[in-house]
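> Take this sequence and fold it.
(one chain, ligands or ions: 1)
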Amino acid sequence: MDNTISKKVQQIKPSATFAIAAKANKLRGMGKNVISLSQGEPDCDTPDEIKESAKQAISAGFTKYTAIDGILELKEAIQQKFINDNNLNYELDQLIVSSGAKQALFNTLVALLNPEDEVLVVSPYWVSYPEMIKLASGVPIIIQTSIEDKFKLNPEILEQSITDKTRLLLLNSPSNPSGITYTKKDLQAIGKILSKYPNIMILSDDIYEHTLWEDKFDNIATACPELIDRAIIVNGVSKAYSMTGWRIGYAAGPQELIRAMKIVQSQSTSCPNSIAQKAAACALKLPNSVIKSMVDNFKRRHDWLYPALKDIDGINVIPSKGTFYSFPNISEILSKHNFKNDVEFCDRLLEEANLAIVPGTAFGNSQHVRISFSADDDVIKEAVQRLHSFVLSLD
Ligand SMILES: Cc1ncc(COP(=O)(O)O)c(C=O)c1O
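Now for the predicted structure:
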């Protein structure tokens, strides 16, 4: 073991999605015509009015440290967003702004977990959850779901997974990578189990709230108001307003926990970027119609992609209800053609067909791949053509 790096960090895997994108870029640099459907961000630009508000902030000299938990204007916009979109009422001291939803999630884990505390994570999961939990000294407990269960957490299995050490359940809906959502009824069934275990908190990652075209959005706090004191809601502007590079996310939850998260933030990154906070405040005050055209695009691409994937022999896929991801099962192809695993499949697909997609292993399920449809319609069509030809070439 390398003594220069802490044992904790030696256990942490680097982000697989960034790794595949880097590999695709390298091949592009070598002159190959590579298509990447590995991206985890909207393919359109940040709306002009948001960019304009940032320019004004710079011109006005809004370039200094702000309050650790975010500027009042943005916190009030977040407070109003929760009222308008979710019918949830939070006091300002129940809100904190962070550098992306990722930091809000990380702060929650650091503020909440003691060493050995267990966190229940539903697989397939977003790549960063288990690694973040380990960095915060917790233990990720992975609950597997399958395509047959529509990738949803079964309440009975949830209950079987609970131990004396369980401290937190992490939920993400709409889900990266599966594109599924939890309905109010699903959440109420989960809430019924959790109401028996008062020590367990629930962390709801709502970052894809608006990237949704089927089912009404709900989270554990809207579906089970009796659990609101145990819920931490994380959201942000990254996906909804195509602002991934601006790095603004936020969390809402019990005062005591938010206060602790503020301490964590104060000693790590101080405050989120002042200019980006102004831009995020502008974004949250825009009508939701600004988001609609982006979501319409994702739905159109999905409605083309889903049947096209289904038509490929050996692929089993369910429709996504939101996000910009599809998570097809390729187990038949893997076994028929003796692939060692999904990673080998994706490596060969990239090298032989110039198409980058992400192996399901990164999300906790090695029988799947994640395909992002955050790209032009023509690019998606060409990508599916390449995938189809690659699979046919294996025969
Ligand atoms: C499920 C999920 N949560 C959180 C994040 C992080 O969002 P942000 O860019 O705001 O940190 C991502 C980004 O890919 C995500 O997919």
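
> residues in contact with the residue of the chain found nearest the ligand?
In the chain, no residue comes nearer to the ligand than residue 100, which is 2.7 Å away by Cβ to the nearest ligand atom. To be clear about C-beta, it is placed using only N, CA and C from the backbone, and glycine gets the same treatment. Residues counted as contacts of residue 100 (Cβ atoms under 8 Å, 6 or more residues apart in numbering) are 236, 238, 247-249.

> Please repeat the previous calculation with a cut-off of 10 Å.
106, 207, 234, 236-238, 243-250, 272, 276 (Cβ atoms under 10 Å, 6 or more residues apart in numbering).

> Now do it against residue 247, distance only.
The gap separating residue 100 from residue 247 is 4 Å, by Cβ to Cβ, to the nearest Å.

> where do the contact lists of those two overlap?
By Cβ under 10 Å, 6+ apart, the residues touching both residue 100 and residue 247 are 236-238, 272, 276.

> just checking, next helix/strand downstream of the lowest-mean-pLDDT helix or strand in the chain?
In the chain, the helix or strand scored least confidently by mean pLDDT, DSSP states H and E is helix 16-29, which has a mean of 85. Per DSSP states H and E, the first helix or strand lying C-terminal to helix 16-29 is strand 35-36.

> could you say what helices and strands that next one packs with?
Packing contacts for strand 35-36, counted by 3 or more Cβ pairs under 10 Å, 6 or more residues apart in numbering; DSSP states H and E, involve helix 16-29, helix 342-353, strand 355-356, helix 377-393.

> Which one of those lies nearest to residue 336?
The closest approach between residue 336 and any of the helices and strands packed on strand 35-36, judged by Cβ to Cβ, belongs to helix 377-393 at 9.8 Å.

> I'd like the distance from the closest one to the chain centre, please.
Counting by Cα atoms, centre = their mean, to the nearest Å, helix 377-393 is centred 26 Å from the centre of its parent chain.

> Which residues in that helix does the neighbour count mark as buried?
Applying a neighbour-count criterion of 16 or more other Cβ atoms under 10 Å, one finds 379-380, 382-384, 386-388, 390-391 buried in helix 377-393.

> same deal with stretch 114-134?
In stretch 114-134, counting by 16+ other Cβ under 10 Å, buried: 117-134.

> Return the subset of those residues lying in helices.
If you go by DSSP state H, these have 128-134 in helices.

> how about a markdown table for those residues, with pLDDT and distance to residue 366 added?
Shown next, in a markdown table, are those (pLDDT from 0 to 100; distance: Cβ to Cβ, whole Å):
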| residue | pLDDT | distance to residue 366 |
| --- | --- | --- |
| 128 | 95 | 18 |
| 129 | 97 | 17 |
| 130 | 97 | 15 |
| 131 | 96 | 17 |
| 132 | 97 | 21 |
| 133 | 98 | 20 |
| 134 | 97 | 20 |
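
> okay if I get those residues as JSON lines plus distance to residue 317?
Formatted as JSON lines, those follow (distance: Cβ to Cβ, whole Å):
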{"residue": "128", "distance to residue 317": "24"}
{"residue": "129", "distance to residue 317": "23"}
{"residue": "130", "distance to residue 317": "25"}
{"residue": "131", "distance to residue 317": "27"}
{"residue": "132", "distance to residue 317": "28"}
{"residue": "133", "distance to residue 317": "29"}
{"residue": "134", "distance to residue 317": "31"}
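
> okay, now residue 168: neighbour count?
When neighbours are counted by other Cβ atoms under 10 Å, residue 168 registers 23.

> For residue 278, grab the count of nearby residues.
Residues lying near residue 278 (other Cβ under 10 Å) number 24.

> helix/strand/coil for it?
helix (DSSP: H, G, I helix; E, B strand; the rest coil).

> How about it, nearest residue that isn't a chain neighbour?
Nearest non-adjacent residue to residue 278, counting by Cβ to Cβ, 6 or more residues apart in numbering: residue 57, 3.9 Å away.

> element containing the one you found?
Residue 57 is part of helix 48-59 when elements are defined by DSSP H and E.

> Report the mean per-residue pLDDT for that helix.
In this model, helix 48-59 has a mean pLDDT of 98.

> Stretch 236-247 too?
In this model, stretch 236-247 has a mean pLDDT of 98.

> Does it reach the ligand?
Yes - under the criterion of Cβ under 6 Å from any ligand atom, the ligand is reached by stretch 236-247 at 236, 238, 244.

> just to revisit the earlier point, I'd like the buried residues of helix 377-393 laid out as JSON lines, including distance to the ligand.
Shown next, in JSON lines, are the buried residues of helix 377-393 (distance: Cβ to the nearest ligand atom, whole Å):
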{"residue": "379", "distance to the ligand": "20"}
{"residue": "380", "distance to the ligand": "19"}
{"residue": "382", "distance to the ligand": "24"}
{"residue": "383", "distance to the ligand": "20"}
{"residue": "384", "distance to the ligand": "23"}
{"residue": "386", "distance to the ligand": "24"}
{"residue": "387", "distance to the ligand": "23"}
{"residue": "388", "distance to the ligand": "27"}
{"residue": "390", "distance to the ligand": "26"}
{"residue": "391", "distance to the ligand": "27"}
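
> May I see those residues organised as a markdown table, with pLDDT added?
Converted to a markdown table, the buried residues of helix 377-393 look like this (pLDDT from 0 to 100):
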| residue | pLDDT |
| --- | --- |
| 379 | 98 |
| 380 | 98 |
| 382 | 98 |
| 383 | 98 |
| 384 | 98 |
| 386 | 98 |
| 387 | 98 |
| 388 | 98 |
| 390 | 98 |
| 391 | 98 |
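
> hey, C-alpha coordinates of stretch 243-261 in PDB?
C-alpha atoms of stretch 243-261 as PDB (Å, rounded to 0.1, in the frame of the first residue of the first chain):
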ATOM      1  CA  MET A 243     -25.600  25.300 -15.600                       C
ATOM      2  CA  THR A 244     -23.300  22.400 -14.700                       C
ATOM      3  CA  GLY A 245     -20.100  24.500 -14.800                       C
ATOM      4  CA  TRP A 246     -21.500  27.200 -12.600                       C
ATOM      5  CA  ARG A 247     -21.500  24.900  -9.600                       C
ATOM      6  CA  ILE A 248     -24.500  25.900  -7.600                       C
ATOM      7  CA  GLY A 249     -26.600  23.400  -5.600                       C
ATOM      8  CA  TYR A 250     -28.500  23.600  -2.400                       C
ATOM      9  CA  ALA A 251     -30.000  21.600   0.400                       C
ATOM     10  CA  ALA A 252     -33.000  21.900   2.700                       C
ATOM     11  CA  GLY A 253     -33.500  20.100   5.900                       C
ATOM     12  CA  PRO A 254     -33.700  20.200   9.700                       C
ATOM     13  CA  GLN A 255     -32.000  23.400  11.200                       C
ATOM     14  CA  GLU A 256     -29.500  21.500  13.300                       C
ATOM     15  CA  LEU A 257     -28.200  19.500  10.400                       C
ATOM     16  CA  ILE A 258     -28.100  22.500   8.100                       C
ATOM     17  CA  ARG A 259     -26.100  24.400  10.800                       C
ATOM     18  CA  ALA A 260     -23.600  21.500  10.900                       C
ATOM     19  CA  MET A 261     -23.400  21.500   7.100                       C
END
